[in-house]
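Novice: Build me a model:
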Amino acid sequence: MPLRPIDAIFVHPKQRLYVVYYRGELWRLPRMKIDDRSWQNRKPYTDDNSSLYLSIHQSISDPVLAQKLRTLDLPTAVRGSTLARFEAWWEAQGFSWLKDRLSTGESPLAAHHTNPLSKMFDNPPTLPSDSHPSLPSDNKKFSHRGSVQASTPAIEEDVFADMLAVLTEEVLDQKL
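Specialist: Sure, this is the predicted structure:
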């Protein structure tokens, strides 16, 4: 039974670089930044696989790259494991773990599970309506900027919702 190919982010601690496990192939990123530009400049990883460790952070903040790499919010027990141990876990338990997450309605995508601190800074606390200072009517630049920022997360959520729908269909509709 073929499993869904997985995307995962590994770290090479000595060389200080990221290696992306993309559909069963290893790709070396040119710098310690995971974004679309780094992905465009990737090269095949040909060094020793035993030096790679699964990154504890699988979420990708770049929305363009997040559409290409569908990393999962893997269990804590697997994070930090070597490539060989990760592949063995994925082969033995990956499908059932993924199916369990989807059947309970939880999103397995790492993009849906962000650091609580980053959420706190992305969404500042709202003040009661009577404590908001009113904006002057001639400050159209500020008010326009606020409306653009408010619409951006909705677009990103739609992308991730589409990714989740495809993943759910692949896993739950797979014939055993």
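Novice: which regions of the chain sit below the pLDDT cut-off?
Specialist: For the chain, the stretches with pLDDT under 70 are 1-4, 111-160, 171-176.
Novice: ok, which stretches of it are strands?
Specialist: For the chain, strands defined by DSSP state E occupy the ranges 7-12, 17-22, 25-28, 43-44, 53-54.
Novice: Which elements pack onto the first one?
Specialist: It stands for strand 7-12. Secondary-structure packing of strand 7-12 (3 or more C-beta pairs under 8 Å, 6 or more residues apart in numbering; DSSP states H and E): strand 17-22, strand 53-54. For every residue, glycine as well, the C-beta is placed using N, CA and C.
Novice: Next: the fourth one.
Specialist: With contacts defined as 3+ C-beta pairs under 8 Å, 6+ apart, strand 43-44 has these neighbours: strand 25-28.
Novice: Starting from the strand it packs on, tell me which strands it pairs with and how they run.
Specialist: Strand 25-28 has its sheet partners listed here by DSSP bridges as strand 17-22 (antiparallel), strand 43-44 (antiparallel).
Novice: now for these, which one comes closest to residue 109?
Specialist: strand 17-22 (15.6 Å; C-beta to C-beta).
Novice: Now tell me what touches the closest one from outside.
Specialist: Strand 17-22 is touched from outside by 6-12, 26-32, 34, 38-39, 42, 45, 52, 55, 69, 83, 86, with contacts defined as C-beta atoms under 8 Å, 6 or more residues apart in numbering.
Novice: Now the buried members of these.
Specialist: 6-12, 26-29, 34, 38-39, 42, 45, 52, 55, 69, 83, 86 (16 or more other C-beta atoms under 10 Å).
Novice: Can you tell me which of the helices and strands packed on strand 7-12 is most buried?
Specialist: strand 17-22 (a mean of 22; mean count of other C-beta atoms under 10 Å).
Novice: orientation of that one relative to strand 7-12 in degrees?
Specialist: Angle, strand 17-22 to strand 7-12, by axes from the mean of the first three to the mean of the last three C-alpha atoms, to 10 degrees: 150 degrees.
Novice: mind exporting strand 17-22 as PDB, just the C-alpha atoms?
Specialist: C-alpha atoms of strand 17-22 as PDB (Å, rounded to 0.1, in the frame of the first residue of the first chain):
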ATOM      1  CA  LEU A  17      21.700  24.300   6.800                       C
ATOM      2  CA  TYR A  18      18.200  23.100   6.100                       C
ATOM      3  CA  VAL A  19      17.500  20.000   4.000                       C
ATOM      4  CA  VAL A  20      13.900  19.400   2.800                       C
ATOM      5  CA  TYR A  21      12.600  15.900   2.400                       C
ATOM      6  CA  TYR A  22      10.300  16.500  -0.600                       C
END
